[in-house]
Structure formats: C-alpha cells, structure tokens
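Q: give me coordinates for this.
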Amino acid sequence: MEAFKKAIDAFVNAFKIEDLRKKLLFTLGILIIYRVGAHITIPGVDAPVLAQYFQNSNNVFGLYDSFTGGAFAKATIFALGIMPYITASIIIQLMGSVIPAIQMLQKEGQEGRAKLNQYTRYFTVIIAALQGWGVSVWLSSLKVSTASGAGLSVLTDGFSSGVGNIGFRLLATLTFTAGTVFVMYLGEQITSRGVGNGISLIIFAGIVGALPRAFTRELEMLTEGIQPLAIEIFILAMVIVIIGFIVFVEQANRRIPLQSPRRVVGRKVMGGQASYLPFKVNTAGVIPVIFASSIMFVPAIVASWMPNVSWAQSFAGAFMPGHITYSVIFATLIIFFTYFYTAIQYNPNDIADNLKKSGGFIPGIRPGKKTAEYIDHILTRISLPGSIFLAVISVGPLHLKDALNMSFYIGGTSVLIVVGVALDTLRQLEAQLHTKNYEGFLKHGRIRGRTAS
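A: Presented below is the predicted three-dimensional model:
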C-alpha cells in the first residue's frame, strides 16, 4: 500500500512540471483520438451483422482484432491499426541486412534514419492498400448465418452486389489505407511531442481498449452458467501470475563489471572506480513479439483476397492462434527477431570502441577486439533465455485459452505488450522526473533490476 501511495505521489509530481504535464496531456489526447476513430464504422457495412459474425465464430482475425482494440471487428476507419507500418518496418530492417545502400543509410545517423523513415512510410501505404483491398473483398463476400439458416450480407443495401459492390471495395480500401496513414501519423506525433514510443502506445491503447468488452463477456458467461466460478478464479490467478512473471523478467539484467583507470589531476587522483555495464535478459523488449505477430497475420490477409478458394482458407486456418502450426512458427519467429533486433540495438564493436576511448575496461579482458568478442558472447547467451521467455509467454496462454474456453485473447502476447510498454513509458517518465529532482515511479514501486547470473 505504501509503494502504491508513493507511485501516486510520483505521478502527481509529473503534473507539477509544466513541460512534462503538456507532454502527458498531449499523449492522452492523441490516444483518445485513436480510440474515437476505432468506433467509426466505414460506409456500407452493417455493423450489427458483422458483430454477430465475430461473436459466433472462432476466426483467424481474432488476435488481429485484439491488437486494434475491436476496430477490425467493427470494420472502422482504423480497422488495420498500426500493423501495416510495423510490417513495413520489418521489411526495411531486413533489407538493411542484404542491400548495401540501406546499410549505408542505417550508419548515416539522423539523416539516414530520416530517409529510412520515409521509405517505411511509402511501404506502409502500399501494404495498407493491399491489406485494405483484401479485407474489403472478404467483407463483400461474407455471409452471416441466421437461426432460420438464411445468410445475411455484412454490407448494407446498395453495396452488396453489382456496381455498388465494386464501389464499396474501392471506398473501403481507400478508407482503410487513409486510416492506417493517420494512425501512423498519430504514433509519430506521440514519439516526437509526447511521452513514450508512439507506435507501441497505439498498440497498448488498442489492447487495453478491448479489455472492458472482454471482461464483460467473461462476466456474462459466468452469470449464465457457461463458465464455472472456479475456472474464472483460475483465469484471474493465471493473469496475475503472468503479469508478475513478465515484470520480474523485464527487470532482470546481466551486469558486466567495468573498471576506469586512475588519473592524477593536480593533487587529486580521479577515476579508479568500479561500475558495471547492464544488459537486460530480455534485450529486445516486446519488439520481437510485435514483429512476429505482424508476420503471422499475413496468411489471414492473403486468404481474405481469395474468400472462395478452399485451399487458401485451409492454409489460413492452420495459422489460427492455438493451432500447432501457428505456435511453432510464431515461437520460431519470436526467437529469430529477438536475436535480429538485439544485433541491431547492440553493436559489440562500437561498445568496445567507446569503452577503449573512455579508458574503461572489463577486468581480465583485453580492450578492443577481445572486449567486443566477450560482449558478443554475453549478448548471445542472455538472448537465448530471453527469446525463450518471449516465445513461451506468447504461445503458452493461447493453448490455455482454448483449454479453459476463454472468450478473449488475454494471453501472453497482449499482456506482454501491455506490461512491456507500460514499464518502458514509466522509465521515460522517471528519467524526466529525475532531471527535475523528483523521485521516479520504478523506485517508489520497488521495481528494481535483478541480476541474472
């Protein structure tokens, strides 16, 4: 209780700083705009009929819908969310590994990053247009069965056939694409003028925005006798355990001891102090999960382009959350992106050079090449348990959901992103509070880094 009270005091302190208060209010305002747009259905869609389809079927878009905060299930202007932008970012970063021109841009500092961001925006428009067209084709061909056995069209009268149907597909594609570009713009505005990583906070807002609806459905299942009370208590306990485990691992780090040389300045002896170089056990954070999730949505999107092709639908069905094929490929992608993103974030040669220039060294390790090899060895070792942690916490709860007949995706992927983004945002707030001589969130909450051997 005392730690909670101190965390509240720290949050109040953040609003005492005018600059930080403006950033917090700006971030909150942008997220409100995003959530409002997530409830505006595009023209031509019968929202109640579409809602009935998602309520009565277990489809491949369930997890995608959880990332957009229910925007996809309502066919809103933000139905595609930020996922096309993330897919474009993956393409650009992967291309940087094989295309020398992009590699050069990655090394050119701020100017190179600005150019790569521009390329990412172009790819985002292309990917959003392709996905938007696929979703529009899927919506135009979707029929929802009624109690009498008749099939209701998801589209309203005038759009369900003929020229109106073609017009709907073009209008929907344009709307979905424009919505994604606007969401991308909102995320960039948060990053530059607000608090935290804008893209991550957009996904965070979508997942959190879907929680009240999910909890309501679980409560209805309990009151109607569909779900036993014991199962609901077990689900709640599992969610708490998962959150606690994620927080524990997110704060764990491997500390490499450092030593600075002694220098004589006048009559004083400077330096000679011991410090450490910390590396998180989960070095890549939630990025590998977000990247892997965006890749796993591709089969469903491609299948939506061919709604009447049986093999395409069967192929997409194998990538439904909880299916063994989905779990194996998802876990493999998470492990791959963990190592990939860690290699991008940490360059052992650069770290070793910086230590050498500052005069610091790792006791028992020669400066230069040997230090780089040692750091690379450490990163490789700690990335393995970190990647396995991400894979298990993302895949395991999906099977638990099916076993317990849960009505929502409160699995590891969603919880991991929510907890990871929340902790990262709190760290940024804490850093800004410390510059103003205020105590931070994490210290008050007693969330401290733990040393992993």
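
Q: and the strands in the stretch 101-250 of the chain?
A: 143-145, 151-153 (DSSP state E, counting those that start in this stretch).

Q: and I90, what's its pLDDT?
A: As predicted, I90 sits at a pLDDT of 83.

Q: quick one: V36 from I207, how far?
A: 17 Å (C-beta to C-beta, to the nearest Å). C-beta coordinates here come from the backbone N, C-alpha and C atoms, glycine included.

Q: now the helix or strand hosting L384: buried residues?
A: Per DSSP states H and E, L384 falls inside helix 369-404. For helix 369-404, burial by neighbour count (16 or more other C-beta atoms under 10 Å) applies to 371-372, 374-376, 378-379, 382-383, 386-387, 389-391, 393-395, 397-398, 400-401.

Q: go on, stretch 94-113?
A: 96, 102, 105-106.

Q: now the helices for the stretch 51-200 of the chain?
A: Along the stretch 51-200 of the chain, counting by DSSP state H, counting those that start in this stretch, helices occupy 62-67, 83-95, 100-106, 109-141, 162-193, 198-223.

Q: quick one: buried residues of the second one?
A: The reference is to helix 83-95. By 16+ other C-beta under 10 Å, the buried positions in helix 83-95 come out as 83-93.

Q: alpha carbons of it, as CSV, please.
A: Included here for helix 83-95 are C-alpha records, laid out as CSV according to Å, rounded to 0.1, in the frame of the first residue of the first chain:
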residue,chain,number,x,y,z
MET,A,83,0.2,-3.3,-38.2
PRO,A,84,1.0,-2.3,-41.8
TYR,A,85,3.5,0.2,-40.5
ILE,A,86,5.2,-2.5,-38.4
THR,A,87,5.3,-4.9,-41.4
ALA,A,88,6.9,-2.1,-43.4
SER,A,89,9.5,-1.5,-40.7
ILE,A,90,10.4,-5.2,-40.7
ILE,A,91,10.8,-5.2,-44.5
ILE,A,92,13.1,-2.1,-44.3
GLN,A,93,15.2,-3.6,-41.5
LEU,A,94,15.6,-7.0,-43.2
MET,A,95,16.5,-5.3,-46.4
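
Q: what angle separates it from helix 198-223?
A: Inter-element angle recorded for helix 83-95 and helix 198-223: 130 degrees (by axes from the mean of the first three to the mean of the last three C-alpha atoms, to 10 degrees).

Q: gap between helix 83-95 and the chain center?
A: The chain centroid and the centroid of helix 83-95 are separated by 13 Å, computed with C-alpha atoms, centre = their mean, to the nearest Å.

Q: picking that back up, which of the buried residues of helix 83-95 sits closest to H323?
A: Of all those, H323 sits closest to M83, with 19.9 Å by C-beta to C-beta.

Q: skip the chain neighbours and tell me the closest residue to that closest one.
A: Nearest residue to M83, sequence neighbours excluded (C-beta to C-beta, 6 or more residues apart in numbering): S294, at 5.1 Å.

Q: my read: the one you found touches T87, true?
A: Yes: between S294 and T87 there is a contact under C-beta atoms under 8 Å: 4.7 Å.

Q: pick the most buried one from the helices of the stretch 51-200 of the chain.
A: helix 62-67 (a mean of 22; mean count of other C-beta atoms under 10 Å).

Q: F78: neighbour count?
A: When neighbours are counted by other C-beta atoms under 10 Å, F78 registers 29.

Q: isn't it up against T68?
A: Yes: contact criterion C-beta under 8 Å: F78 and T68 qualify, at 6.7 Å.

Q: tell me, what's touching these two both at once?
A: Any residue near both F78 and T68 by C-beta atoms under 8 Å, 6 or more residues apart in numbering counts here, and that gives A38.

Q: what is in contact with S294 and T87 at once?
A: Both S294 and T87 lack any common contact, where contact means C-beta under 8 Å, 6+ apart.

Q: I'd like to know which elements whichever strand or helix holds V421 is packed against.
A: Per DSSP H and E, V421 falls inside helix 412-435. With contacts taken as 3 or more C-beta pairs under 8 Å, 6 or more residues apart in numbering; DSSP states H and E, helix 412-435 sits against helix 2-16, helix 18-37, helix 198-223, helix 229-251, helix 287-296, helix 369-404, helix 441-444.

Q: ok, which of these comes nearest A114?
A: helix 198-223 (16.1 Å).

Q: pLDDT wise, what is T41 at?
A: Predicted confidence (pLDDT) for T41: 90.
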